[in-house]
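Novice: task: produce atomic coordinates for the following.
(one chain, ligands or ions: 1)
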Amino acid sequence: MKQEGNETARRGIARLVGQLAGRNPFDGDSKPSRVRLFQPGAGRPAVPFPHPWNYTRPLEILETFFWQAERLEGPASNNRYLDIPGRAPILVSRDPGIIRAILHATGDGPGKFDRDTLPSAGIARATGEDTLLYANGPLWKVHRKLAAPSFNKSKLFQPERFQEFEETFRHTIRLRLDALRVYLEESGEASIQVALESEIKVVMLEMLANNFFGAEIPYEDIRDRFTPSLQRVIDHIVRDTVLNRLGIPLERMPNLSRKIARIKADFANFEELTDRVLAPRAEERGLWKQFKSDAPDEKLRSNIRVFLAGALEATTSFATWAIAHLARHPDIQERVFQDVKEVDTYTPDNLNQSKELNRVLEETLRLTPSLYFLPRKATADTWVVTTDERKMFIPGGTHILLDIWHANRLEAHWGVEQSGYPASAFAPDRWAVLADRGVDPKGFLHFGFGHGPRVCPGKFLGQLEVGLVVGAIVKTFRFSAVHADSPAKAGVSTKPVDGALVNLELRSQS
Ligand code: HEM
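Specialist: Model (predicted):
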């Protein structure tokens, strides 16, 4: 025991000496290159860590890590590290091979990577720590085994069950789009200007709460109370992660301002929403039919909060981006329309056959991934090996940010030479080019749903919801972007900064 303590102290001192000497703690042929904490005059977009003045611009913080990195050669240009004496190193990778290797080596075995809990401290304070998202090691495995089967493709896409979901989903979307349609008809205008993100968000929460969990919450409550409250809770989570370094729980904060009082009311609404989606469990409505566990409701609350907040955020982001891209590409929008105009039911077969829609969704997640970085932590000194045999040594304790946003825009990996289109362009046809060239799809992962053992368990549900919403919008309306560009804002997920502001016109009128 004493020997172990001595060894830890010796390693700590050696590490500090190495840090002070500026020694690279990583190794291998894919060793990352160093990023300086401060670099006055370099013109970097931010400093390479979040603080109260820049935390609302996380994409710029990631960009800072790769500032002028193209001057470097090979893997050092896509793998960067920050090493502050006395702290664990931070590795940021936009290297698709390294990202894949680390995601693959994440899990509950010895030496496997954890999901780093540091960037989700605010989420855990809002939802509870005992969740599938926050837990690591054996506890994560228990959560995964309990929750993930309910979302399985085989369960969700069983013809009988699928039809039930699909009918209620479709009914929900139709009702909401009809409201917009009626508004357009009654206004007598040929088109209206609308930020579709806010419409999409309400539909997504309604589908999740009422169709998936089998609750019966009136639409007005979802639109006017639960969606705005949940959105403010999600925004609070981002602020809380960076600003609440002391980890003070919200309920202990005095109501010093109207803002604090309001966010407390929002959390109360979040609790009520959790109650209302748990209530159908007793009658085995919605998803609860296939959820087999003796765990009392109380034990499930934290995970339900994660599903509600996480799924709302991710599905809204995904569908909003797809609409934002289609609004800037009328030709592709028309092709999707041709694809879906005859589709009345979204059976698994119909979904598979909607090739244009599927490519648009794939390209949307590549170019504008909802979750723009995936956090990991090395639990021990580890060598990772890529499929093309490159190696990187990562010291135990390293915080890792897998920068999906920038990895998916690497010209060398996704560009003209590989896929026929520039990496920075929205080009769904690149997926046809890649397929025609017979490339191994595993070499072209966009990580939009993650990869490996901690891949998104809600992937099929999410794809279904987003496919239905985007398909139904294209089928009903023709839309064009109000602004030429769609820059991104990022919090828990990314969204187009203008909320997908479009001119909307009814198809049947044109
Ligand atoms: C369609 C939009 C969605 C996108 C783009 C998305 C994306 C992702 C990604 C990238 C991850 C991996 C995170 C990582 O590796 O660190 C993830 C994990 C997760 N997602 Fe999703 N997701 C979506 C929908 C959903 C839905 C509908 C649910 C549940 C109802 C859900 C629940 C989760 C959970 C619980 C995890 C953590 C799993 C684990 O750690 O084992 N997601 N999601």
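
Novice: buried residues, stretch 290-309. List them.
Specialist: For stretch 290-309, burial by neighbour count (16 or more other C-beta atoms under 10 Å) applies to 300-309. Just so you know, the C-beta spots here come from the backbone N, C-alpha and C atoms, and that holds for glycine as well.

Novice: may I see the buried residues of stretch 353-360?
Specialist: Burial within stretch 353-360, assessed by neighbour count using 16+ other C-beta under 10 Å, is assigned to 354, 356-360.

Novice: with stretch 178-194 instead?
Specialist: Neighbour counts over stretch 178-194 (16+ other C-beta under 10 Å) mark 180-181, 184, 191, 194 as buried.

Novice: I'd like these laid out as a markdown table, including secondary structure.
Specialist: Below are the buried residues of stretch 178-194 laid out as a markdown table (DSSP: H, G, I helix; E, B strand; the rest coil):
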| residue | secondary structure |
| --- | --- |
| L180 | helix |
| R181 | helix |
| L184 | helix |
| S191 | strand |
| V194 | strand |
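
Novice: CSV for the residues you listed, including distance to the ligand and pLDDT?
Specialist: What follows is those, written out as CSV (distance: C-beta to the nearest ligand atom, whole Å; pLDDT from 0 to 100):
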residue, distance to the ligand, pLDDT
L180, 22, 79
R181, 25, 81
L184, 28, 81
S191, 29, 85
V194, 22, 91
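
Novice: for the stretch 301-450 of the chain, what spans make up the helices?
Specialist: For the stretch 301-450 of the chain, applying DSSP state H, counting those that start in this stretch gives helices covering 330-340, 348-353, 355-367, 404-407, 411-414, 416-419, 430-436.

Novice: now, which of the buried residues of stretch 290-309 sits nearest R174?
Specialist: L308 (23.4 Å; C-beta to C-beta).

Novice: of the helices of the stretch 301-450 of the chain, which is nearest the ligand?
Specialist: Judged by C-beta to the nearest ligand atom, the one of the helices of the stretch 301-450 of the chain that comes nearest to the ligand is helix 355-367, at 6.3 Å.

Novice: which residues of this structure lie near the ligand?
Specialist: Residues of the chain lying near the ligand by C-beta under 6 Å from any ligand atom: 115, 132-133, 144, 306-307, 310-311, 314-315, 318, 370-371, 374, 448-450, 454, 456-458, 461-462, 466.

Novice: now with 5 Å?
Specialist: The chain has residues 132-133, 307, 310-311, 314-315, 318, 370-371, 374, 449-450, 454, 456, 458, 461-462 near the ligand, with proximity defined as C-beta under 5 Å from any ligand atom.

Novice: so which of the residues you listed sit within strands?
Specialist: Judged by DSSP state E, the residues of the chain next to the ligand include L374 as members of strands.

Novice: and the buried residues of stretch 353-360 as TSV, adding distance to R44 and pLDDT?
Specialist: Formatted as TSV, the buried residues of stretch 353-360 follow (distance: C-beta to C-beta, whole Å; pLDDT from 0 to 100):
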residue	distance to R44	pLDDT
S354	43	88
E356	40	95
L357	39	95
N358	38	94
R359	36	96
V360	34	97
